[in-house]
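Asks: What would the 3D arrangement of this be:
(chains A and B)
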Amino acid sequence: MAELLWILVSAMLVNNFTLVLFLGLCPFMGVSGRVATALRMGLANIFVLTITSMAASFLNAFVLPYAPYLRLISFIVVIASLVQIVEMAIKKLSPTLFRELGIFLPLITTNCAILGLAIFQTNRGYDFVQGLFFALGGGLGLTLALVLMASIRETTELADVPAMARGMGLVLILAGSLSLAFMGFAGLFSS
Amino acid sequence: MRATTPREDLLRGIWRENPVLVQLLGLCPALAVTNTVANSLAMGIATFFVLLGSSVLVSSLKRWIPKEVRISAYILIIATFVTIADLVLNAVVPDIHKALGAFIALIVVNCMILGRQEAFASRRPVGRAILDAVGTGFGFLIALTLMGSFREVLGNGTFLGVRVLGEAFEPWIIMILPPGGFFTLGVILLAFGWWKERKVEQVRPRRWPHGVTTGVGGA
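Replies: Below is the predicted model of the structure:
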């Protein structure tokens, strides 16, 4: 149990997907303008990451031992089609949930956090349950980073920044400061 | 789509529409692996190869790829070239392959590559697609090398492993750590923003004082 908790906290804070491993930067830059949108994007990410983790575990256990060179291709095809199927299922079963998460699902299928999770999970040799905790921690960390960034950006909108810093330059410097802050979490487990 | 000259196709990606510095595409590798010049070069060259290979293939197969499944087809083609690049790097430069780790496989989801297939290679003849891929790939390589140089020189005092700053220089460790990636690109973009602002002011020397609105577009 302690090991699972360690995987969760490590993926969420110490090795935060966005701020430390640089995975999923496109949504981090693109949809961090509003807190409400950022939160929904984060939730959709947690959802897709969990599905991906399960799919990757199955592929690793049953298919890839026979054809290791197909790893990358099969990951991407299986993940993309699985998310598509789940999206259709949600649309049918729960239109409310679909309205909340729907537009983000196809967008994040080919985001590097998703494929990155599958590859990291394989490289570290996580089993099914460990993979699930890894995905959950990664997703929570991503959501945390997105919401923090969106809150800061909502505030800076009203600030009087120099003309040259309007736009992505400022966002990147802010992201750097957040990343610096998250490095402090590395001290959590040093003892 | 507007007609372009071959020269424009080649040069566009290098400067005016540089994928990283202007369009902010492919940020994940641009920030993650640029902590040393060697890593940046390896990533830039691998991406160049994948982009060129997939552009040629997509452009020559465009007549046979059904419109409905084109994105999946592009991703499959890209993934094939990434697998080749992954295996070649592992065989030729195992140290760098280890340092880049999962980020070689993640070239597949580099939105710059998919973007060029969708926006250019799938609509143009092979020759033009090659020019565009060379320009964009080279622009990506330049941006990565630029960032890698800043980060390695300031963060470690070396360039490609050779010491360039004297012993007295205290390395800014932060530059080779993750926050350094964000800061480097941020500062480059700020410099671009400053340069653009200055150009605008030169074109329009008379400036209204603060608080006075011109009624045309606002201050």
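Asks: who are the neighbours in contact with A:Thr121?
Replies: To be clear, residue A:121 is Gln; Thr isn't right here. Residues near A:Gln121 by Cβ atoms under 8 Å, 6 or more residues apart in numbering or on different chains: A:53, A:56-57, A:131, A:134-135. Yep, even glycine has a C-beta here, placed from its N, CA and C like the rest.
Asks: Now do it against chain B, distance only.
Replies: 10 Å (Cβ to the nearest Cβ, to the nearest Å).
Asks: Wasn't B:Leu21 part of a strand?
Replies: No: counting by DSSP: H, G, I helix; E, B strand; the rest coil, B:Leu21 is not part of a strand but coil.
Asks: burial of it, as a residue count?
Replies: If you count neighbours by other Cβ atoms under 10 Å in any protein chain shown, B:Leu21 ends up with 19.
Asks: Let's see the pLDDT reported for it.
Replies: On pLDDT, B:Leu21 comes in at 85.
Asks: From what I see, it and B:Leu189 are in contact.
Replies: Yes: the criterion here is Cβ atoms under 8 Å, and B:Leu21 meets it with B:Leu189 at 7.4 Å.
Asks: Tell me where the model's unsure across chain A.
Replies: A:101-103, A:106-107, A:109-110, A:190-191 (pLDDT under 70).
Asks: Helices of that one, start to end?
Replies: A:2-9, A:25-30, A:35-58, A:71-93, A:95-101, A:104-109, A:112-123, A:128-156, A:168-183 (DSSP state H).
Asks: for chain B, same thing?
Replies: Counting by DSSP H, the helices of chain B are B:6-12, B:27-32, B:37-61, B:70-92, B:94-100, B:111-116, B:126-156, B:178-203.
Asks: Can you tell me which of those helices is packed in deepest?
Replies: Neighbour counts (mean count of other Cβ atoms under 10 Å in any protein chain shown) averaged over each of the helices of chain B peak at helix B:27-32, with a mean of 26.
Asks: what does that helix contact?
Replies: By Cβ under 8 Å, 6+ apart, helix B:27-32 touches A:21-26, A:29, A:112, B:20, B:43, B:47, B:103, B:106-107, B:109-110, B:140, B:143-144, B:147, B:178, B:181-182, B:185.
Asks: go again using 6 Å as the cut-off
Replies: A:22, A:25, A:112, B:20, B:43, B:103, B:144, B:181 (Cβ atoms under 6 Å, 6 or more residues apart in numbering or on different chains).
Asks: For those residues, could you give me a markdown table that also reports distance to B:Lys196?
Replies: Shown next, in a markdown table, are those (distance: Cβ to Cβ, whole Å):
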| residue | distance to B:Lys196 |
| --- | --- |
| A:Phe22 | 26 |
| A:Leu25 | 23 |
| A:Cys112 | 29 |
| B:Val20 | 17 |
| B:Met43 | 28 |
| B:Phe103 | 31 |
| B:Leu144 | 22 |
| B:Gly181 | 23 |
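Asks: For B:Gly180, which residues are in contact?
Replies: Contacts of B:Gly180 (Cβ under 6 Å, 6+ apart): B:151, B:174.
Asks: residues contacting the residue positioned nearest the centre of chain B?
Replies: Nearest to the mean C-alpha position of chain B, by Cα atoms, centre = their mean, lies B:Phe140 at 2.9 Å. B:Phe140 makes contact with B:19, B:47, according to Cβ under 6 Å, 6+ apart.
Asks: In terms of pLDDT, where does it sit?
Replies: So B:Phe140 comes in at 94 (pLDDT).
Asks: coming back round to it: just tell me which of the helices of chain A ends up closest to B:Arg63.
Replies: Among these, helix A:71-93 comes nearest to B:Arg63, with 23.1 Å by Cβ to Cβ.
Asks: Please name the nearest non-neighbouring residue to residue 73.
Replies: Picking chain A for this. Nearest residue to A:Ile73 in three dimensions, chain neighbours excluded: B:Ala79, at 4.5 Å (Cβ to Cβ, 6 or more residues apart in numbering or on different chains).
Asks: sorry, should have said chain B
Replies: For B:Ala73, the spatially nearest residue (Cβ to Cβ, 6+ apart) is B:Ile65, at 4.8 Å.
Asks: Same check on B:Leu52?
Replies: B:Ala133 is the one closest to B:Leu52 (Cβ to Cβ, 6+ apart), at 4.5 Å.
Asks: distance of that neighbour from B:Ile78?
Replies: 12 Å (Cβ to Cβ, to the nearest Å).
Asks: Format the helices of chain A as TSV; extra columns: distance to B:Arg7.
Replies: Below are the helices of chain A laid out as TSV (distance: least, Cβ to Cβ, whole Å):
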stretch	distance to B:Arg7
helix A:2-9	53
helix A:25-30	31
helix A:35-58	40
helix A:71-93	35
helix A:95-101	45
helix A:104-109	35
helix A:112-123	33
helix A:128-156	39
helix A:168-183	29
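Asks: just these: most buried one?
Replies: The highest mean neighbour count among those, using mean count of other Cβ under 10 Å, belongs to helix A:112-123: a mean of 24.
Asks: quick one: that helix to helix A:128-156, angle?
Replies: 150 degrees (axes from the mean of the first three to the mean of the last three Cα atoms, to 10 degrees).
Asks: can you give me the angle helix A:112-123 makes with helix A:35-58?
Replies: 30 degrees.
Asks: what does stretch A:2-9 rub up against?
Replies: A:130, A:133-134, A:137.
Asks: Same list (the residues you listed) but as CSV, adding distance to B:Ala85.
Replies: As requested, the contacts of stretch A:2-9 are arranged in CSV below (distance: Cβ to Cβ, whole Å):
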residue, distance to B:Ala85
A:Gln130, 30
A:Phe133, 32
A:Phe134, 26
A:Gly137, 30
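Asks: ok, those residues vs chain B, which is closest?
Replies: A:Phe134 (13.5 Å; Cβ to the nearest Cβ).
Asks: list the contacts for the closest one?
Replies: Per Cβ under 6 Å, 6+ apart, neighbours of A:Phe134: A:7, A:11, A:121, A:126.
Asks: With B:Gly13 instead?
Replies: Going by Cβ under 6 Å, 6+ apart, B:Gly13 touches B:135-136, B:139.
Asks: how does it look with 8 Å?
Replies: Neighbours of B:Gly13 in contact, by Cβ under 8 Å, 6+ apart: B:19, B:132, B:135-140.
Asks: now the lowest-mean-pLDDT helix or strand in chain B, how far from the chain's geometric center?
Replies: When the helices and strands of chain B are compared on mean pLDDT, DSSP states H and E, strand B:162-163 comes out lowest with a mean of 84. Put simply, strand B:162-163 sits 26 Å off its chain's centre (Cα atoms, centre = their mean, to the nearest Å).
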